[in-house]
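> for reference, the sequence and a predicted model appear below.
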Amino acid sequence: MRDTSGGISYRVTDGLALDKSYRQFASAGRKLGDPVVLDLSRLEYLNHEALLYLGALVRFRVLRNQDTLFELPKHQRVWEFMRAWNFPQFIAAVVGRPFGEVLTMDSRVRFERDQTSFPRYAKVIELPGGGLSELLPTGHFQITPIELSANPFRAATIAQASWLERHTLSILNAYLGGEGDRVGSLVVLEAVLNAAMHAEAQMAFTSSQIVLPHMQGPSGRRTLQIAVWDDGLPLAATLKRRTENGQTITSPAFEAVQETFRVRLIRSTGREEVRILHSGSSELPEDFPWLTVAAFMAGVTSLPDRPAQQPGKDDRGRDIGLNFPGMGLHYIRRNVLNLWNGSIRYWANSYRFSMRASDLQDYYDVMVQYRPRDSWPLQGNLLYLDIPLDGRRLGDTVDV
């Protein structure tokens, strides 16, 4: 990244590298409201997680009338990836202007002349036991708008359907112990529904990629990454608004599920604090970091009075347990963390949350970093769900 008076760039960019670029930007004496050029010209690889991150970064600045331009990658493979994932259309929607108007002069000329084709299919995974690599249309993975309407469940079911398509489902089943349908029916459905219902959201998008091991280095794992972003109020801010009005933020499910969250908070000063939060507790925390973690507990919701959808069955007719309001993030967490031994990351403004399941039953480890000096502030809610596709699971069954 660079500002208009100097250069800062990376050969490989992911969320962490983008965060680090803010410290370099600030150390050069620049202020947050100054014009910024996001220089991607030297990139040799762009991590999928960076796509929606860049949108959340730019949206924060757009809403505050701060100018941002892009310098496009010169590496053809990186640019093809961005085009295949609909990045130009995404940024155009974020800024409310044609993509060419947020490019530097050189990049604008290149963009307007660019007639090269880009991959229509994405290499996904090799079949278990050997065999040819499977291909899926990039359209399945690319950045896709979530319709924000009076019926958010419609947007969620549209997203769900693409993950239950037969060919896609066969690939997921091969790597997720025959439980691939849970990705669509209990993860994507709830994640999109959650984003579509966030207060003050004007836009929301989802994107995904199956990241192959060689893209992550020698220790990499084959991973399905699902990202969902909206520009609405953060989880904790939405809950806080309701409590300040003297209203409850829990449904009957809150007292019925007993789980423990060990939260380690690292503040901007470097000071650390550890708290143990219990679901079903008589009092919920009020401060932003702790209340955000509480939002992932069963039965915590800004809409506790919304009628429960009955019966509590998934698309295969299996009982999925409690189906009161406030169960969406619980369903996501139980499947991604407990069933598939994955991870959840949630980023809002300058807070960076990460969550994993502990070896102890119904126990979760949460890391929270507050980084106003070391990261770009992001607008809204950015959720990453990382599901390993290597057959290793914490358990054979999960009661969600």
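Sure thing, it's come through.

> which stretches of the protein have low pLDDT?
1-12, 123-135, 213-220, 304-323, 391-400 (pLDDT under 70).

> which stretches of it form helices?
Here the chain has its helices, by DSSP state H, at 15-27, 49-62, 76-84, 87-95, 105-113, 138-141, 152-163, 166-175, 181-182, 189-196, 235-244, 253-256, 288-294, 328-333.

> out of those helices, which gets nearest to I266?
helix 288-294 (10.0 Å; Cβ to Cβ). C-beta: built from backbone N, CA, C; applies to glycine.

> L233 versus the residue nearest to L235 when sequence neighbours are not counted, what's the distance?
Distances taken as Cβ to Cβ, 6 or more residues apart in numbering put A295 closest to L235, at 4.1 Å, once the chain neighbours are dropped. Separation of A295 from L233 (Cβ to Cβ, to the nearest Å) stands at 12 Å.

> so can I have a markdown table of the helices of the chain showing mean neighbour count and distance to Y370?
As requested, those are arranged in a markdown table below (neighbours: other Cβ atoms under 10 Å; distance: least, Cβ to Cβ, whole Å):
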| stretch | mean neighbour count | distance to Y370 |
| --- | --- | --- |
| helix 15-27 | 18 | 12 |
| helix 49-62 | 23 | 16 |
| helix 76-84 | 18 | 30 |
| helix 87-95 | 20 | 25 |
| helix 105-113 | 13 | 34 |
| helix 138-141 | 18 | 32 |
| helix 152-163 | 18 | 30 |
| helix 166-175 | 16 | 35 |
| helix 181-182 | 24 | 33 |
| helix 189-196 | 24 | 23 |
| helix 235-244 | 18 | 12 |
| helix 253-256 | 19 | 26 |
| helix 288-294 | 21 | 7 |
| helix 328-333 | 23 | 21 |
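
> let's have those helices in JSON lines, adding distance to G270.
As requested, these are exported to JSON lines (distance: least, Cβ to Cβ, whole Å):
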{"stretch": "helix 15-27", "distance to G270": "14"}
{"stretch": "helix 49-62", "distance to G270": "24"}
{"stretch": "helix 76-84", "distance to G270": "35"}
{"stretch": "helix 87-95", "distance to G270": "33"}
{"stretch": "helix 105-113", "distance to G270": "38"}
{"stretch": "helix 138-141", "distance to G270": "38"}
{"stretch": "helix 152-163", "distance to G270": "40"}
{"stretch": "helix 166-175", "distance to G270": "40"}
{"stretch": "helix 181-182", "distance to G270": "39"}
{"stretch": "helix 189-196", "distance to G270": "32"}
{"stretch": "helix 235-244", "distance to G270": "22"}
{"stretch": "helix 253-256", "distance to G270": "34"}
{"stretch": "helix 288-294", "distance to G270": "15"}
{"stretch": "helix 328-333", "distance to G270": "29"}
